[in-house]
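Sequence first, then the predicted structure:
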Amino acid sequence: MADPSQSQSFFKKHWEGYKEFWSERFSFLDNYFKFIKGRDKPIASFSDSDVEEFIASDPIHGPALKAAREAARIAAAGSVIGAVSTAGFAWKYSKSPHGALLSLGAGGIFGWTFGHEIANHWLQLYRMDTMAAQVKFMDWWVSKTEERS
């Protein structure tokens, strides 16, 4: 009987190596797979009041989740400011619609990045485990919605 690695095609071996390479780089997403894959029905949507209820009920992960949500708001504001200002600047000096559109997208990305960095330092997110807080909230939300149904 032939060695299983010998029987795989050239492309299949390289595809498996490619998948392994990127799965190592994005291993932090493994925390979220239980909420995405293998579910019969999707997770029910939640509102701000549900998040506030979790923040009030969990003294450890609640403040981290609250800070992470505030950081996302600051990053979104930075994205809007970056997009509008760079697109306006490009339109003012070039009058090129495609240039203004490209600078709108690039400014949005750069603004989001700078806004998130500002929020990271201002709210001191580097001291908190925000991903654990988000996963804990999702666990709490799934158990709460499954109790109701």
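Thanks, I have the structure now.

Now do the longest helix anywhere in the chain: which elements does it pack against?
When the chain is scanned for its longest helix (criterion: DSSP state H), the result is helix 61-94. Judged by 3 or more CB pairs under 8 Å, 6 or more residues apart in numbering; DSSP states H and E, helix 61-94 is in contact with helix 48-57, helix 97-122, helix 130-148. Bear in mind the C-beta positions are built from the backbone N, C-alpha and C, glycine included.

Would you mark the buried spots in it?
Of the residues in helix 61-94, 61-62, 64-69, 71, 74-75, 78-79, 81-83, 86-87, 90-91 count as buried by neighbour count, 16 or more other CB atoms under 10 Å.

could you point out which element follows the helix or strand of the chain with the lowest mean pLDDT?
The helix or strand of the chain with the poorest confidence is helix 4-7; it has a mean of 60 (mean pLDDT, DSSP states H and E). Counting by DSSP states H and E, the element after helix 4-7 in chain order, helix or strand, is helix 10-25.

Run the chain-centre distance for that following helix.
When distances are taken as CA atoms, centre = their mean, to the nearest Å, helix 10-25 is centred 24 Å away from the chain's centroid.
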